[in-house]
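**Q** pasting a predicted model and its sequence here:
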Amino acid sequence: LSAATVDCLLVAAGRRANVEGLGLESAGIAYTSKAIQVDENLRTTAPHIWASGDCNGLYQFSHIAEVQSRTVLQNILLPIARAPEYAGIPWATFTDPELAHLGLTEAEADAQGLTYRVYRQPFSLVDRAIVEQEDSGMIKLIATPGGKILGAHILGSGAADLLNEIVVAK
């Protein structure tokens, strides 16, 4: 191995559910060190208790926690069981540079047998990015041949903000 000089190092060691001292065992709720176990409707192994957000380990994004919380509320108040609908929910990872995502990836579009086109725009060709000297990154759109947006992925400065315009367009 050779030595390297770097400005910054990111170590992503994963997340663990903060469940210590909640008495989950006595409530009959199954869990691991990473998450509380839920079914497709977000119900735990205790039939009268649901779990939404990071604690269930499904998708650890604030946008998803909001969708899951609404679904849990509907499941508690209404006599039907619903699963959260994740299609069309944007998410962002606030790293440097930011990473933002909406909809399908190419692999997911392939798995669904969809016909699509991929459009890429490097930040190095975006006037604002050039002026602000934040021109590292890329925007990738996945769309049907007719132009319907199936997915969007942005890596670069302000990616989460840029994704909002694509959410509206979708």
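**A** Yep, that arrived.
**Q** all contacts plus neighbour counts: C-alpha atoms, from now on.
**A** Will do.
**Q** all helices in the chain, in order from the N-terminus.
**A** 24-27, 62-77, 106-111, 127-131, 159-169 (DSSP state H).
**Q** need those helices in CSV with mean neighbour count, can you?
**A** Output for the helices of the chain, formatted as CSV (neighbours: other Cα atoms under 10 Å):
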stretch, mean neighbour count
helix 24-27, 11
helix 62-77, 16
helix 106-111, 13
helix 127-131, 13
helix 159-169, 15
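**Q** quick check: Asn18 touching Asn56?
**A** No. Counting by Cα atoms under 8 Å, Asn56 is not a contact partner of Asn18; they are 10.5 Å apart.
**Q** neighbour-wise, which of the two wins?
**A** Asn56 (23 against 13; other Cα atoms under 10 Å).
**Q** residues touching that one, list them.
**A** For Asn56, the contacting residues are 17, 35-38, by Cα atoms under 8 Å, 6 or more residues apart in numbering.
**Q** what score does it have for pLDDT?
**A** As predicted, Asn56 sits at a pLDDT of 91.
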